[in-house]
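Colleague: Have a look at this prediction, sequence included:
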Amino acid sequence: MLENLNAKNKDFFEQVYQVVKLIPKGRATSYGSIANYLGSKRGARMVGWAMNASHQLPGIPAHRVVNRNGLLSGKMHFSTPETMQLALEAEGIYIQNDQIQDFDKIFWDPSKELKLP
DNA sequence: CTAATGACAAACT
DNA sequence: CAGTTTGCCATTA
């Protein structure tokens, strides 16, 4: 399975994991922003794939990663579809209709907060 | 090797 | 302005 991933792929995945882990509590970011921070502006899909792979790793708050619209597009990939929303609500993020409210306020842009080295 | 799909996003009609 | 199409990168069939 994923043990045979090339170092290159692992690097990209690991970058995503690092960024996701650095997301402050009560904040959230988008796939595209992470992809942009990693250099692949259009690699948002790969970020989503990385999230899918992150299930095997501990300490990856994938629930803090949503699409550009603040929609919980990946809720169905958790243990239960409600896990993601409950996790976000537990951090003070209000969700309605599977969409984050005031996403502009809680949005956390890695390229802006972490900035490029 | 070609085609299709995907936890997305931007451009185009 | 809303809906449709293309682009990106990797995995699967």
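Modeller: It's in. Note that this is a predicted model, so its numbers are computed, not measured.

Colleague: ok so A:Thr29 is a strand residue?
Modeller: Yes: applying DSSP: H, G, I helix; E, B strand; the rest coil, one finds A:Thr29 inside a strand.

Colleague: Might one say that it is in contact with A:His63?
Modeller: No: the criterion here is CB atoms under 8 Å, and A:Thr29 misses it with A:His63 at 11.4 Å. (C-beta placed from N, C-alpha, C; glycine too.)

Colleague: quick one: stretch A:25-43 to chain centroid distance?
Modeller: Stretch A:25-43 sits 7 Å away from the centroid of its parent chain (CA atoms, centre = their mean, to the nearest Å).

Colleague: Give me the distance between the closest residue to A:Gln101 other than its chain neighbours and DNA strand C.
Modeller: Spatially, and ignoring its direct neighbours in sequence, A:Gln101 is nearest to A:Tyr94 (4.3 Å; CB to CB, 6 or more residues apart in numbering). Separation of A:Tyr94 from DNA strand C (CB to the nearest atom of the strand, to the nearest Å): 23 Å.

Colleague: my guess is A:Tyr94 contacts A:Lys105, does it?
Modeller: No: in this structure, A:Tyr94 is not within contact of A:Lys105 by CB under 8 Å, at 10.4 Å.

Colleague: What ranges does chain A have for its strands?
Modeller: In chain A, the segments counted as strands under DSSP state E are A:29-30, A:65-66, A:95-96, A:99-100.

Colleague: where does chain A dip in pLDDT?
Modeller: A:1-10, A:116-117 (pLDDT under 70).

Colleague: what sits against the residue of chain A found nearest DNA strand B?
Modeller: Distances between chain A and DNA strand B by CB to the nearest atom of the strand are smallest at A:Gly74, namely 1.6 Å. A:Gly74 sits next to A:Gly48, A:Met51, A:Ala62, A:Val65, A:Val66, A:Met84 when contact means CB atoms under 8 Å, 6 or more residues apart in numbering.
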